[in-house]
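Visitor: the sequence isn't on hand, but the structure is:
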């Protein structure tokens, strides 16, 4: 069976874009959005981010692990923006314990995409976080939108 064209479009979007908007909740329920570089781990279908313990989003996702992640194609000057390909992922965040097998796997995936970040991985206050999608809303262009469950998102991340 052939792959759905929107699944292929989602995989391509996540391969082309390297940053996402991460939405977390602070201790009083206020939404906090920040930019995070991300890598895709196809072996454990998830996004991997590397965050400082000093950052507000790190404290927020430890307290409330349910997060929202928006990945959007970059706009082109002078071109319409309303149909830009994008996906909003509902995800659960899990911090990898430093030195664990999972942290080492996250590090390898992250550095494969961001080799220049290697010195940051040695800093004591930074941790790897897995964002495991629970579902998503994808817009692949005008008139091409759909909701996806966790299994469908995993298919897009897993290849």
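Guide: Received, thanks. Keep in mind that this is a model prediction, so the values were computed, not measured.

Visitor: near the nearest residue to residue 85 once chain neighbours are set aside, how many other residues are there?
Guide: Among residues not flanking residue 85 along the chain, residue 73 sits closest, at 4.5 Å (CB to CB, 6 or more residues apart in numbering). C-betas here are computed from N, CA, C, even on glycine. When neighbours are defined as other CB atoms under 10 Å, residue 73 has 18 of them.

Visitor: quick check: which ranges of the protein have low pLDDT?
Guide: 1, 159 (pLDDT under 70).

Visitor: which residue ranges of it form strands?
Guide: Counting by DSSP state E, one finds strands in the chain at the ranges 19-25, 31-37, 39-41, 46-52, 66-72, 86-95, 126-141, 144-149.

Visitor: just say which of the ones you listed is most tucked in.
Guide: strand 46-52 (a mean of 22; mean count of other CB atoms under 10 Å).

Visitor: dump the residue contacts of residue 17.
Guide: 71-74 (CB atoms under 8 Å, 6 or more residues apart in numbering).

Visitor: now render those residues as TSV, adding distance to residue 48.
Guide: TSV is the format used below for the contacts of residue 17 (distance: CB to CB, whole Å):
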residue	distance to residue 48
71	13
72	19
73	21
74	21
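
Visitor: from these, pick the one nearest residue 106.
Guide: Residue 106 lies nearest to residue 71 out of those, by CB to CB, at 18.2 Å.

Visitor: mind listing what the spatially most central residue of the chain touches?
Guide: Closest to where the C-alpha atoms of the chain average out (CA atoms, centre = their mean) is residue 47, at 4.3 Å. Residues near residue 47 by CB under 8 Å, 6+ apart: 14, 20, 38-41, 69, 89, 91, 130-131, 133, 157.

Visitor: out of the residues you listed, the closest to residue 8 would be?
Guide: Checking the contacts of residue 47 against residue 8 with CB to CB, the nearest one is residue 14 at 11.1 Å.

Visitor: for the nearest residue to that closest one once chain neighbours are set aside, give its distance to residue 121.
Guide: In space, not counting the residues next to it along the chain, residue 14 is nearest to residue 40; the distance is 5.4 Å by CB to CB, 6+ apart. Using CB to CB, to the nearest Å, one obtains 18 Å as the distance from residue 40 to residue 121.

Visitor: for residue 5, which non-adjacent residue is spatially closest?
Guide: residue 140 (8.0 Å).
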